[in-house]
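Novice: quick one, fold the following:
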Amino acid sequence: MFVRAPADLNFLAHLLLAREDEALRLGAMLGDFVRGREALSVFDEDVQNGIMLHRHIDGYTDSLACVVALRSSLDPPFRRYGGIIIDLVFDHLLAINWSDYSDIPLEEFDTAVREMLARHDEQLPEDLRGFMRYAGRRGLFAAYRDESEILFSLRGVGRRLSRPNPLDRVNEIWPEFRPMAAACFAPAFGQIQSSVADWLKSKSTMTGS
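Specialist: Residues are numbered from 1 along each chain as shown. Sure, this is the predicted structure:
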């Protein structure tokens, strides 16, 4: 089944890590909106692999020492929402350092993602369609370069959560937290890229492709 999930997470990182494979990119976008093994069965195997890759990246990222330390550096009540905050900050850092990771301009990449999703519109849950309508209005993902957009996005996520949360006050910790996140990002992203390469290689070995 499809379930509602907070939008504005690290879609940009997931899309880049899916490389130029359209099915993996589609799975990268679906990953935060599809839960459970039964839900996977409605998608082609290649898209299922993209969703599973999304889940692998999430789990691996959360296990990295500098990410664990970064989350631990947050005081209550922010620590409880550290995963959401780190996701958005990492997408911000990826956006402003985009040319270090891709030869394709970010705006061009953004357009390609929208065109890809349009080709597969019938497979998209309404929550994902809604996110992309919002992304179009805000100029995402290119707008992730702007700190104000990240803070705006965090406030939006906070409004959609059912319980009271401090995501509307991340600006209070931003001046201290962002430099710590920046120190973690490059080494962490390098490790994540290596993990993705290993995961894809293992999948290729298992399928014989």
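Novice: using PDB, write down the CA coordinates of the helix or strand of the chain with the lowest mean pLDDT.
Specialist: Ranked by mean pLDDT, DSSP states H and E, the helix or strand of the chain with the weakest confidence is helix 37-40, at a mean of 74. The C-alpha trace of helix 37-40 is given here as PDB (Å, rounded to 0.1, in the frame of the first residue of the first chain):
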ATOM      1  CA  ARG A  37       7.200  -6.100   0.400                       C
ATOM      2  CA  GLU A  38       3.600  -6.500  -0.800                       C
ATOM      3  CA  ALA A  39       3.600  -2.900  -2.100                       C
ATOM      4  CA  LEU A  40       6.700  -3.700  -4.200                       C
END
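Novice: so which bits of it are buried?
Specialist: Buried residues in helix 37-40, counting neighbours by 16 or more other Cβ atoms under 10 Å, are found at 39-40. Any C-beta I mention is one placed from the backbone N, CA and C, and that applies to glycine too.
Novice: that helix: what's the following helix or strand?
Specialist: Counting by DSSP states H and E, the next helix or strand C-terminal to helix 37-40 is helix 45-63.
Novice: what pLDDT, on average, does the helix or strand hosting residue 23 get?
Specialist: Assigned by DSSP H and E, residue 23 belongs to helix 22-30. Here helix 22-30 scores 96 as its mean pLDDT.
Novice: and that helix with helix 45-63, angle?
Specialist: Going by axes from the mean of the first three to the mean of the last three Cα atoms, to 10 degrees, helix 22-30 is angled at 50 degrees with respect to helix 45-63.
Novice: residue numbering should commence at 242 henceforth.
Specialist: OK, 242 is where the count begins now, so the last one is helix 263-271.
Novice: same for helix 263-271, what does it pack against?
Specialist: helix 252-258, helix 286-304, helix 347-360 (3 or more Cβ pairs under 8 Å, 6 or more residues apart in numbering; DSSP states H and E).
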